[in-house]
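Undergrad: Got a predicted model here, sequence first, then my questions.
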Amino acid sequence: MKVSVTVNGVPQEHEVEPRTLLVYYIREVVGLTGTNIGCDTSSCGACTVLVDGESVKSCTMLAVQADGAEITTIEGLAGSDGQMHPMQEAFREKHALQCGYCTPGMVMAAVSLLKEHPHPTEAEVREGLEGNLCRCTGYHNIVEAVLHAASTGSVSA
Amino acid sequence: MRFVGESVTRVEDRRILTGRGHYIDDVRLPGMLHAAFLRSPFAHARITRMDTTEARNLPGVVAVLTGADIEAVTVPIQVMPQFPDFNSPVYQAMATDRVRFVGDPVAIVVAQSRYVAEDALELINVEYDPMRPVVSFEDAQDPNCPRIFDDIEGNVLYRSNSTHGDVDAAFAAADTVIHETFRQSRQANVPMETRGAVADFDPGSGDLTYYAATQSPQGCRFQLATYLNHPIDRVRVLSGDVGGGFGLKGPVHREDISLAAASRIVGRPIKWIEDRNEHLQASGHARDEQIEVEAAVTSDGRLLGLKARLLIDQGAFPCLPYAAVLFPNMIRDLLPGPYRFGAMSFEGLVLATNKCWNPPYRGPWEIETWVRERLMDVIAHRLGMDPADIRRANMFDGDEEDRSITGQHLAGITSRQSLERALDLAGYSAIRAAQELARREERLLGVGFATFLEAAPGPKENRVIPEDARVRLESNGHLLVMTPQGPHGQGHETTLAQIAADAMGLPLDHVRVVHGDTRQTPMNLIGTGGSRASTWASGSVMVTTRKVREKALGVAAAMMEIDASDLDIVDGMVVPAGAPSKAMPLSAIAMTAYLAPETLPPGTDHHLEAQETFTGDGVGGSGWSGGTHLCVVEIDRETGRVEIVRYVVVEDCGQIINPAIVEGQIRGGVAQGIAGVLYEKAAYDAEGQFLAGTFMDYLLPTATEIPSIEIDHLESVPVEGLDIRGVGEGGALVAPAALTNAIEDALVPLGVTINEQYLPPSRIMELTRMVPA
């Protein structure tokens, strides 16, 4: 089946098997490997991307279901000048990543969270990121990073 | 400026945060195929028939290889046969005639895509004749149970017995003997990146390049060469970013050997990335252990002696190369912890069962801390003493002559200071007062704490395995630091650069740390594990960088005609003492050494590269990391939910290279320790069927379950030399003890003793008798 999407602002059009998951499409067909796969069963959130601005676990969705959508992946967050997105900067500054495998999904989920709640409480941040598992950090610094990004008020996807 | 001691932001972060990390699944090679393993659905069975014809005929399938095909081209595995008294079975990389756990690989499909490979798995017909599974401690010790390995009598693979001091006298002198059996449950490392690899055998050159997600590139290379019987000079292991491991990716897995063998058979690169279900059932489990303990105590709370019997369920196959047999004697040695008592007897058994194997998991000897610290609280509660006082009464001060009953030299330990500091920071008496009030309202509020010691690197007499680094000053004056470590989240590219930058006198961004290419890095079988990096990798980088600095200063001295002892390197400039205006950039020195060595006076050593061994010489301080964790919980009677109200850490890991990274390690370890108590269980049923194959069954904690964790450091008194100690495992070692102590403390009004570690709400409600057990 044919799928036409925009990924990080670049139009893409490919023939895919109907059973192809969106995350495989992004990684294997479009060739953007920043989005990681952690579970295949929509539990861990490592593969979180933005589909039409909403955070989506891209292993939950078939590529063909995304037809016509605008997709943003972790590669699309930094500016074209290489300037990192404020959320990426906050993660670096607060040491919110260790192995980094969950990080792209976590950053995308956090960007989406602040779009919906620009000034969350700590509890709201924790609840908002509940769908994203991290095995290294104990979440402490991730929560700090998101609160820090929120306090600078500069996050918009 | 000095970098050691600063929370500099990590070198690794930019690439990872922008989606340019290089994890194993990101490797793409021309002509690369994809593999999937068919796994046993039975815990214990004979394979009576296997037909792969239909699978082989599926379009897109390149090969279907069975256990027999892999056996034909590999060397049988036998782990540590030289380990005294270890009955080490011989086994194959894949099952041949018999399967020994749910998830045991029986065939590997190689196809054009993972999708096709998985389709083909369903077309392989295997007939099994089920056998009685060996599932429990009791089964494994029962001589009537079938043996799992034909070459081993019974299923007890190892037994260790020892007596220290006069145990009979200690028990004869006791006012009370406390007898408990403390049981842990099966947990797993579960890194967010599953296992995976790309094996690339080049039939032209005979080179095998193995792209690995490993904690030990050189260890991986060594084992692959051994079990594939492939010349080690023709095996190269490459690893990039590794998405977590916690011990799991230190071993070489049977799938690694099978995959590399498959590539050699097929003559093309093959990628294998396991899915989460495979990972949960077949990658590794740990902590399936118990200790039955008797403690001889006096009525005023002095511990006189211990009798301990340890059982470890290691699953079917001894893990390669870190079999569980390594752990009983470590557990024995560490069980007395920081406490003074005069006698101990110990028996430790390693048992084979029809379950997944047992790789190291973050502090693989953790049960010593849990049982000892649990026991201290049980003793306190039985004697009506405060758990703080019972520790105070028995704890060593860290004097020069202090030595535990198992011979551990404890000079310089700061256990007592950490205990007092934690109680102080948390406001212990205020917590007890709040508890008093809560109890009047029938609320279940509890406080628990626990103290641990971690031999990272351990006292001088215990240090055995040295480590090398290679360092090269490049022609632009930048430093390349090559380490055999296999970092997987610890930030070695940052911390080792901090060490090297200070040792050389360079800006941080003039140092690049290289790991994960066995053609460049020195040999070391362990890589990253055992909290070694802080001391051993740092030490090796320090001594090797100093050597390169000496060489660079030798060249500079010749060029500048100034004695080397009058030269310093500051921020990348070679500066003569008292004449800063005559400074020369290091790049000019290096450029001359590389491009015009003939202009230097004869005899000048112009090779600006060194490989040095760090043997632990010059390490000051006690060698013991350690600390005390304190936890406050409130338990909801209605739901059995344990809420962690506060979690306080007091940690002593010596000099800190990067506080942010150290605290990250502590918090991550604590999270795993908490999770093992409240959420995670790699459960099997009575038939050995695996029950926790998805994240809906094996519950990793989320951001809503892990509390904020307060951390204080006791950087113990500065000493001469290097005093950087490991910090990777402490959090995971002690958190289960602190948390279960708090839970028991909360349940004191109900007279509950906690002797099991896994305490989900359903179990709490049984213990509080809200529901029948």
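TA: Happy to help now that I have it.
Undergrad: Apart from its neighbours in sequence, what residue is nearest the residue in chain A that chain B sits nearest to?
TA: With CB to the nearest CB as the measure, A:Gly34 is the residue of chain A nearest to chain B, at 2.1 Å. Every residue, glycine included, has its C-beta placed from N, CA and C. Spatial nearest neighbour of A:Gly34, chain neighbours left out: B:Gly19 (2.1 Å); criterion: CB to CB, 6 or more residues apart in numbering or on different chains.
Undergrad: my guess is that neighbour contacts A:Gly31, does it?
TA: No: taking contacts as CB atoms under 8 Å, B:Gly19 lies outside contact range of A:Gly31: 11.7 Å.
Undergrad: Between these two, which has more neighbouring residues?
TA: B:Gly19 (24 against 10; other CB atoms under 10 Å in any protein chain shown).
Undergrad: Helices of chain A, start to end?
TA: A:22-24, A:86-93, A:103-116, A:122-128, A:140-152 (DSSP state H).
Undergrad: Now those helices in JSON lines, please, with extra columns for distance to B:Thr704, mean pLDDT and mean neighbour count.
TA: Shown next, in JSON lines, are those (distance: least, CB to CB, whole Å; pLDDT from 0 to 100; neighbours: other CB atoms under 10 Å in any protein chain shown):
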{"stretch": "helix A:22-24", "distance to B:Thr704": "25", "mean pLDDT": "98", "mean neighbour count": "25"}
{"stretch": "helix A:86-93", "distance to B:Thr704": "19", "mean pLDDT": "98", "mean neighbour count": "24"}
{"stretch": "helix A:103-116", "distance to B:Thr704": "13", "mean pLDDT": "97", "mean neighbour count": "25"}
{"stretch": "helix A:122-128", "distance to B:Thr704": "5", "mean pLDDT": "98", "mean neighbour count": "18"}
{"stretch": "helix A:140-152", "distance to B:Thr704": "10", "mean pLDDT": "97", "mean neighbour count": "22"}
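Undergrad: so which of these comes closest to B:Met330?
TA: helix A:140-152 (29.8 Å; CB to CB).
Undergrad: Show residues contacting the closest one.
TA: Here helix A:140-152 makes contact (CB atoms under 8 Å, 6 or more residues apart in numbering or on different chains) with A:86-87, A:89-91, A:93-97, A:106, A:110, A:113-114, A:118-120, A:122, A:125-126, A:128-129, A:134, A:155, B:660, B:664, B:667, B:703, B:706, B:708-709.
Undergrad: Equivalent analysis for stretch B:760-768, please.
TA: By CB under 8 Å, 6+ apart, stretch B:760-768 touches B:444, B:635, B:637, B:639-642, B:678-679, B:681, B:743, B:747, B:750, B:752, B:754, B:756, B:759, B:771-773.
Undergrad: Check these one by one and keep those near chain A.
TA: For chain A, no contacts are drawn from the contacts of stretch B:760-768 by CB under 8 Å from any CB of the partner chain.
Undergrad: In PyMOL, how would I select just the buried ones from those?
TA: Filtering these down to the buried ones (16 or more other CB atoms under 10 Å in any protein chain shown) takes a single PyMOL command:
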select buried, chain B and resi 444+635+640+642+678+679+681+743+747+752+754+756+759
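Undergrad: which one is B:Asp566 nearest to, not counting chain neighbours?
TA: Residue nearest to B:Asp566 in three dimensions, not counting chain neighbours: B:Ala577, with 4.6 Å by CB to CB, 6+ apart.
Undergrad: count of neighbours near residue 67?
TA: Answering for chain A, as no chain was given. A:Asp67 is flanked by 14 other residues according to other CB under 10 Å.
Undergrad: actually chain B
TA: By other CB under 10 Å, the residues close to B:Gly67 number 23.
Undergrad: surely it meets B:Tyr91?
TA: No: with contacts counted by CB under 8 Å, B:Gly67 stays clear of B:Tyr91, the gap being 10.6 Å.
Undergrad: do you know how far the spatially closest residue to B:Val649 that is not a sequence neighbour is from B:Val670?
TA: Excluding its sequence neighbours, the residue lying closest to B:Val649 (CB to CB, 6+ apart) is B:Ile711, at 4.6 Å. For B:Ile711, the distance to B:Val670 (CB to CB, to the nearest Å) stands at 9 Å.
Undergrad: for B:Ser587, same thing?
TA: Taking CB to CB, one finds B:Ser587 at 45 Å from B:Val670.
Undergrad: Give me the more crowded residue out of those two.
TA: In this view B:Ser587 and B:Val670 are compared by other CB under 10 Å, and B:Val670 has more residues nearby, 30 against 17.
Undergrad: any idea of the mean pLDDT for the helix or strand hosting that one?
TA: B:Val670 is located in helix B:659-678, with elements delineated by DSSP states H and E. What helix B:659-678 shows for mean pLDDT is 98.
Undergrad: and it, how far from the chain's centre?
TA: Chain-centre distance of helix B:659-678: 13 Å, with CA atoms, centre = their mean, to the nearest Å.
Undergrad: got the angle for that helix vs helix A:140-152?
TA: Helix B:659-678 and helix A:140-152 meet at an angle of 120 degrees, taking axes from the mean of the first three to the mean of the last three CA atoms, to 10 degrees as the criterion.
Undergrad: Tell me the buried residues in helix B:659-678?
TA: B:660-678.
Undergrad: can you list the residues of the stretch 601-750 of chain B near chain A?
TA: Counting by CB under 8 Å from any CB, the residues of the stretch 601-750 of chain B near chain A are B:660-661, B:663-664, B:667-668, B:670-672, B:694-696, B:700, B:702-704, B:706, B:708-709.
Undergrad: residues contacting the residue of chain A closest to chain B?
TA: Residues near A:Gly34 by CB under 8 Å, 6+ apart: A:73-75, A:104, B:18-21.
Undergrad: Please spell out the ChimeraX selection for the buried subset of those residues.
TA: Of the contacts of A:Gly34, the buried ones go into a single ChimeraX selection, burial set by 16+ other CB under 10 Å:
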select /A:73,74,75,104 /B:18,19,21
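Undergrad: Let me have the contacts of A:Gly34 in TSV, adding distance to B:Ala72 as columns.
TA: As requested, the contacts of A:Gly34 are exported to TSV (distance: CB to CB, whole Å):
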residue	distance to B:Ala72
A:Thr73	44
A:Ile74	44
A:Glu75	44
A:Pro104	42
B:Thr18	46
B:Gly19	42
B:Arg20	41
B:Gly21	38
